[in-house]
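*Asks:* fold the following and give me the result.
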Amino acid sequence: MDEPAPKTIEGWLYEGRKPQRVFRQVLVEMLGYSIDDLWSEVPEGTTPQFVPLAGASPTTPHADADVGLDDMKRTGAMAVRRAKEFLLGTDRSRVGEDTLDLLDDEVMRLVAAYPREPLSTIWDDLLETQEQVFRLLEGGRVRPSQLRDLNVKAAVLSFLVAKGFNDMEIPHQAMTMTRVASSCARDAEHPGLIALTDGLKSLISYWADKPADAYHYASQGAAYAANQHGTVGLWLLGLQARAAAVLGDEDAVRAVNQQAIDRRENVIHDDLDELGGLFTYAPEKQLYYAVESEALLGHGGARLAAQAEEAVMGFSDPLAPNWAFGDLAGCQCDLALIRLSSGDLEGAADAIRPVLDLPVTHRNNGIVVSALRVRQALMGSPTRTAVVARDLRAEIEAFPASRPALPRG
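*Replies:* Take a look at the predicted model:
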């Protein structure tokens, strides 16, 4: 004999019977009223006068809604991660277009987020996406027409991972990952990306206080990118100028910066510029690098101070497409250096204040080194004995000690 079908809520409502006890708690939780209120008769044309249970309402969130939403986001993120793994492994014989589209979306998201968000918020996703691309390249399921695209993605992601290691002040791992990015760029036969990896080697060397190596890599990349019409060649010239400034070569700084100014007029954005983030060299960043090279030479004066203020303003809007918290902090430290060279201690303190107020999650290696340069300048300043100078030196000295050594997760 067939068993009767389970009774639905609509069935109970139609028959006017209360549901079984096991279901009553569910209805009370869903609708926010007691079971007696829900099953009381209300004359036609009137509105029920009973009130919802304390802490419950059919139209407003429960008291613990925030906790519930956090749990939902967490489990939802796990579901998305599992779905991505499913998609990446669904087609065992070949890589599908949906897989490539998924990776395109992830690469674009990570490239856009890197200059704007603390490394700790994207690090796990960055490593996971890189691993997914490597796995596809190693799996032998890639069509020849897909191979270049995947190698470009691998180069871009490895570039970001290398930059992450540099931001965490682990230069040897940063350099190793840069060589991986360079290998992928060469496999993709992408001249812009190959030159870009030379630029990253220069950047790593620059922040590791190896200016001669930084100048070498930047010069090598600049020569390779001489015929490129995108902005990667301009970035390499900027890197060259900064390294030359640390080496004290004023003539090289002026010559390279002028070359960059002249080439800016003939820029034609390429696929790397369209990618954005660290893969394009905006005019704001070019000004920042030029100002920094002059500041590192110990120059000051009203004209350079005005350029430094313009550089800070160029990164003052967080909603601007080329905004980056690291570039803004670098500009602010440069402005402090230039004001100090003119004896403007109060102005220098004002310039670096936003940097010292950065959350610990944002204090990457480049920002810390830039701040410490201001401390070094304070120690050699005629105003070094002033109370403001002493307090500022002490605050900068404590600045790197409170930053996290590794990203969360």
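*Asks:* just say helix, strand or coil for Glu189.
*Replies:* The assignment at Glu189 comes out as coil when based on DSSP: H, G, I helix; E, B strand; the rest coil.
*Asks:* now stretch 99-119: buried residues?
*Replies:* Across stretch 99-119, burial judged by 16 or more other Cβ atoms under 10 Å covers 99-100, 102-103, 106-107, 110-111, 113-115, 118-119. Heads up, the C-betas are built off the backbone N, CA and C, glycines and all.
*Asks:* and if you look at stretch 381-392?
*Replies:* Buried residues in stretch 381-392, defined by neighbour count with 16+ other Cβ under 10 Å: Ser381, Ala389, Leu392.
*Asks:* do you know how far the first one is from Thr178?
*Replies:* Relative to Thr178, Ser381 is positioned 37 Å away (criterion: Cβ to Cβ, to the nearest Å).
*Asks:* count of neighbours near the closest residue to Leu297 other than its chain neighbours?
*Replies:* Among residues not flanking Leu297 along the chain, Ala245 sits closest, at 5.2 Å (Cβ to Cβ, 6 or more residues apart in numbering). Burial of Ala245 is recorded as 25 neighbouring residues (other Cβ atoms under 10 Å).
*Asks:* isn't Ala245 up against Tyr289?
*Replies:* No - taking contacts as Cβ atoms under 8 Å, Ala245 lies outside contact range of Tyr289: 9.8 Å.
*Asks:* let me see the contact set for Ser158.
*Replies:* By Cβ atoms under 8 Å, 6 or more residues apart in numbering, the contact set of Ser158 is Gln130, Met177, Thr178, Val180, Ala181, Cys184.
*Asks:* right, and the third one touches Ala162 too?
*Replies:* Yes - under the contact definition of Cβ under 8 Å, Thr178 touches Ala162, with a separation of 4.3 Å.
*Asks:* contacts only, for Ala351.
*Replies:* So Ala351 contacts Val312, Gln332, Cys333, Leu335, Ala336, Arg339 (Cβ under 8 Å, 6+ apart).
*Asks:* can you pick the most crowded of these?
*Replies:* Among these, Ala336 has the most neighbours (other Cβ under 10 Å), with 30 neighbours.
*Asks:* now, which of the contacts of Ala351 lie within helices?
*Replies:* Val312, Gln332, Cys333, Leu335, Ala336, Arg339 (DSSP state H).
*Asks:* now the first one: how far from Glu265?
*Replies:* The one in question is Val312. Distance of Val312 to Glu265, computed by Cβ to Cβ: 25 Å.
*Asks:* show me where this protein dips below the pLDDT cut-off.
*Replies:* Under the criterion pLDDT under 70, the flagged ranges of the chain are 1-96, 401-409.
*Asks:* let's have the contacts of Ser158 in JSON lines, adding neighbour count and distance to Ala377.
*Replies:* Output for the contacts of Ser158, formatted as JSON lines (neighbours: other Cβ atoms under 10 Å; distance: Cβ to Cβ, whole Å):
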{"residue": "Gln130", "neighbour count": "22", "distance to Ala377": "39"}
{"residue": "Met177", "neighbour count": "25", "distance to Ala377": "33"}
{"residue": "Thr178", "neighbour count": "27", "distance to Ala377": "30"}
{"residue": "Val180", "neighbour count": "19", "distance to Ala377": "37"}
{"residue": "Ala181", "neighbour count": "25", "distance to Ala377": "34"}
{"residue": "Cys184", "neighbour count": "26", "distance to Ala377": "40"}
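*Asks:* ok, the residues you listed vs Ala252, which is closest?
*Replies:* Thr178 (23.9 Å; Cβ to Cβ).
*Asks:* which residue ranges of the stretch 151-300 of the chain form helices?
*Replies:* Ranges of helices within the stretch 151-300 of the chain are 171-187, 191-207, 211-224, 232-246, 250-264, 271-275, 283-296, based on DSSP state H, counting those that start in this stretch.
*Asks:* deepest of those helices, which one?
*Replies:* Comparing the helices of the stretch 151-300 of the chain by mean neighbour count (mean count of other Cβ atoms under 10 Å), helix 232-246 ranks first with a mean of 27.
*Asks:* name the helices or strands packed onto it?
*Replies:* The helices and strands touching helix 232-246, judged by 3 or more Cβ pairs under 8 Å, 6 or more residues apart in numbering; DSSP states H and E, are helix 191-207, helix 211-224, helix 250-264, helix 283-296.
*Asks:* and the second one with helix 250-264, angle?
*Replies:* Meaning helix 211-224. Interaxial angle, helix 211-224 versus helix 250-264 (axes from the mean of the first three to the mean of the last three Cα atoms, to 10 degrees): 30 degrees.
*Asks:* ok so, going back, may I see the contacts of Ala351 arranged in JSON lines, with distance to Tyr217 as well?
*Replies:* Below are the contacts of Ala351 laid out as JSON lines (distance: Cβ to Cβ, whole Å):
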{"residue": "Val312", "distance to Tyr217": "28"}
{"residue": "Gln332", "distance to Tyr217": "27"}
{"residue": "Cys333", "distance to Tyr217": "23"}
{"residue": "Leu335", "distance to Tyr217": "27"}
{"residue": "Ala336", "distance to Tyr217": "28"}
{"residue": "Arg339", "distance to Tyr217": "31"}
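*Asks:* hmm, back to that, which one of the buried residues of stretch 381-392 is nearest Asp167?
*Replies:* Nearest to Asp167 out of those is Leu392 (Cβ to Cβ; 24.4 Å).
*Asks:* excluding its backbone neighbours, what's nearest that closest one?
*Replies:* Counting by Cβ to Cβ, 6+ apart, the residue nearest Leu392 is Ala349, at 5.5 Å.
*Asks:* what about that neighbour, which helix or strand?
*Replies:* helix 345-356 (DSSP states H and E).
*Asks:* okay, buried residues for that helix please.
*Replies:* By neighbour count on 16+ other Cβ under 10 Å, the buried set for helix 345-356 is Leu345, Gly347, Ala348, Ala349, Ala351, Ile352, Val355, Leu356.
*Asks:* list the contacts of the residue nearest the centre of the chain.
*Replies:* In the chain, the C-alpha nearest the mean C-alpha coordinate belongs to Tyr114, at 1.7 Å (Cα atoms, centre = their mean). Tyr114 is in contact with Ile122, Leu160, Lys163, Gly277, Leu278, counting by Cβ under 8 Å, 6+ apart.
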